[in-house]
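# Fold the following and give me the result.
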Amino acid sequence: MIPSSLKIGTLTVNPPVALAPMAGYTDVAFRMLCRKYHCGATLTEVVNAEGTVRSGRQTLDLLEAGPDEHSVGAHIYGANPDTLASAAAIIEKMKRFDFIDINCGCPVPKIVRKGAGAALMRNPEKIEQIVRNVRSAVSFPVTVKTRIGLSPNQINISEVAHAVEAGGGSAIFLHARVASNRHSGPADWETIARIKSERSIPIVGNGGISNAGDVLRMFEQTGVDGVMIGRAAVGNPWLFDEIFSLLNDKPFIPHSIEEHRSVILTHLEHLAAIKRNERRYQKKNKMSADQAAALHFRAHLHQYLKGFPGWPEVRRNLNTMHTLQDIISAVDRVLAGSE
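Alright, predicted model coming up:
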């Protein structure tokens, strides 16, 4: 049975589909577009708990949320239970977020070396303490995003999931790959199904989803309470609209070329506004806010235009695009040839 909504503690997520936190991608500009197309829950990029406690400007820039952006979670990382709890309390006082999500699965070396992210999976007892401390510091739900294990020979998600629930966690966002494989290789949905059968708190499946049909199959094959989508949504926020139509047995109407262009420009403009706001607190900058936005947007542009007849040219010349006008001109050239 496919759930109509996802319950995370006192929070109801409808539809039960979330956007995964992705560094460099899930800023408020992109999240708001996904919300527009029926994404049920969004999460920030990964946020340093220590930077939050120290009121670091770059860290606080990541803790922005859009007007009426709900349900939205602050996705934080760290290794010290008390620091994570303090950061969570600060974030709750911002009154922008609906829940706290603790990263216990990021495989990026600079995070793992600090004993955070996927490194926490080596010590389920510590994960339990972290969840307990954070849960005691805030009044809204606390969730954990993790993986099925550190490597193929270190799959201990049963112990980790037990620790999250014992610590008072409200849900687990579970990526169906081991940390050592990052995003490569097949996703292990069987393990997700097993964890769902072992635990009483909601399990949200992540990994191996590339289209709307995959979402339906994950629900049917694993019995999860919700689904989380990452890379498949980059350059394609309309995916959430297609999923919404499928889950509600409604016809899906593909968007037009005009809407494709409009969404790209809206995303670019919002990103440029974010960069301009960030520059207000920075004394020295090697490039303008608009240049920074153009460089940041190139990864999104690659995905927005992927598959169009003019896409190979964009891919070859991507590193030469340094201004907003460079981006807009590329969009116009590609989309004009597709009408």
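
# And stretch 249-256, end to end?
By C-alpha to C-alpha, to the nearest Å, the extent of stretch 249-256 from end to end equals 22 Å.

# start at 622 instead
Yes, from this point I'll number from 622; that puts the last item at stretch 870-877.

# starting at the chain centroid, how far to it?
With C-alpha atoms, centre = their mean, to the nearest Å as the basis, stretch 870-877 stands 24 Å off its chain's centre.

# Could you do stretch 789-799 as well?
13 Å.

# Show the model's pLDDT score for the closest residue to S805 other than its chain neighbours.
In space, S805 comes closest to R798 once its chain neighbours are excluded; the distance is 7.8 Å by C-beta to C-beta, 6 or more residues apart in numbering. Heads up, the C-betas are built off the backbone N, CA and C, glycines and all. pLDDT, R798: 96.

# Next, count neighbours for R798.
A total of 22 residues lie near R798 under the criterion other C-beta atoms under 10 Å.

# next SSE after whichever strand or helix holds it?
In the assignment (DSSP states H and E), R798 maps to strand 792-799. Proceeding C-terminally, strand 792-799 gives way to helix 810-819 as the next helix or strand, assigned by DSSP H and E.

# outside of that following helix, which residues touch it?
Contacts of helix 810-819 with the rest of the structure, by C-beta atoms under 8 Å, 6 or more residues apart in numbering, involve 769, 776, 778-779, 782-783, 793, 795, 797, 824, 826, 829, 839, 842-846.

# Please, a ChimeraX command that selects the buried ones among these?
With 16 or more other C-beta atoms under 10 Å as the criterion, this ChimeraX line picks the buried residues out of the contacts of helix 810-819:
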select :769,776,778,779,782,783,793,795,797,824,826,829,839,843,844,845,846
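
# ok, the residue nearest to S805 - contacts?
Applying C-beta under 8 Å, 6+ apart to R798 gives the contacts R768, I769, H804, S805, G806, A808, D809, G828.

# Closest to K907 out of those?
H804 (30.7 Å; C-beta to C-beta).

# what is the orientation angle of the strand holding R798 with helix 810-819?
Orientation check (axes from the mean of the first three to the mean of the last three C-alpha atoms, to 10 degrees): strand 792-799 against helix 810-819 gives 150 degrees.

# ok, and for stretch 765-784, which residues are buried?
Buried positions in stretch 765-784, judged by neighbour count with 16+ other C-beta under 10 Å: 765-771, 776, 778-779, 781-784.

# Same question for stretch 809-824.
D809, W810, T812, I813, A814, R815, I816, K817, R820, I822, P823, I824.

# looking at this, G928 is in a helix?
No: per DSSP: H, G, I helix; E, B strand; the rest coil, G928 lies outside any helix segment and is coil.

# burial count for it?
Per other C-beta under 10 Å, the neighbour tally for G928 reads 9.

# okay, the one helix or strand N898 maps to in PDB with CA atoms only?
Using DSSP H and E, N898 maps to helix 878-900. What follows is helix 878-900, C-alpha atoms only, in PDB (Å, rounded to 0.1, in the frame of the first residue of the first chain):
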ATOM      1  CA  ILE A 878       9.600  24.600 -23.800                       C
ATOM      2  CA  GLU A 879       8.500  28.000 -22.600                       C
ATOM      3  CA  GLU A 880       8.100  26.700 -19.000                       C
ATOM      4  CA  HIS A 881      11.400  25.000 -19.200                       C
ATOM      5  CA  ARG A 882      13.100  28.300 -20.100                       C
ATOM      6  CA  SER A 883      11.100  30.200 -17.400                       C
ATOM      7  CA  VAL A 884      12.100  27.800 -14.700                       C
ATOM      8  CA  ILE A 885      15.800  28.000 -15.600                       C
ATOM      9  CA  LEU A 886      15.700  31.800 -15.600                       C
ATOM     10  CA  THR A 887      13.800  31.900 -12.300                       C
ATOM     11  CA  HIS A 888      16.300  29.600 -10.700                       C
ATOM     12  CA  LEU A 889      19.200  31.600 -12.000                       C
ATOM     13  CA  GLU A 890      17.700  34.900 -10.900                       C
ATOM     14  CA  HIS A 891      17.000  33.600  -7.400                       C
ATOM     15  CA  LEU A 892      20.500  32.200  -7.100                       C
ATOM     16  CA  ALA A 893      22.000  35.500  -8.200                       C
ATOM     17  CA  ALA A 894      19.900  37.300  -5.500                       C
ATOM     18  CA  ILE A 895      21.300  34.800  -2.900                       C
ATOM     19  CA  LYS A 896      24.900  35.500  -4.000                       C
ATOM     20  CA  ARG A 897      24.300  39.300  -3.800                       C
ATOM     21  CA  ASN A 898      22.900  38.900  -0.300                       C
ATOM     22  CA  GLU A 899      25.900  36.800   0.800                       C
ATOM     23  CA  ARG A 900      28.300  39.500  -0.600                       C
END
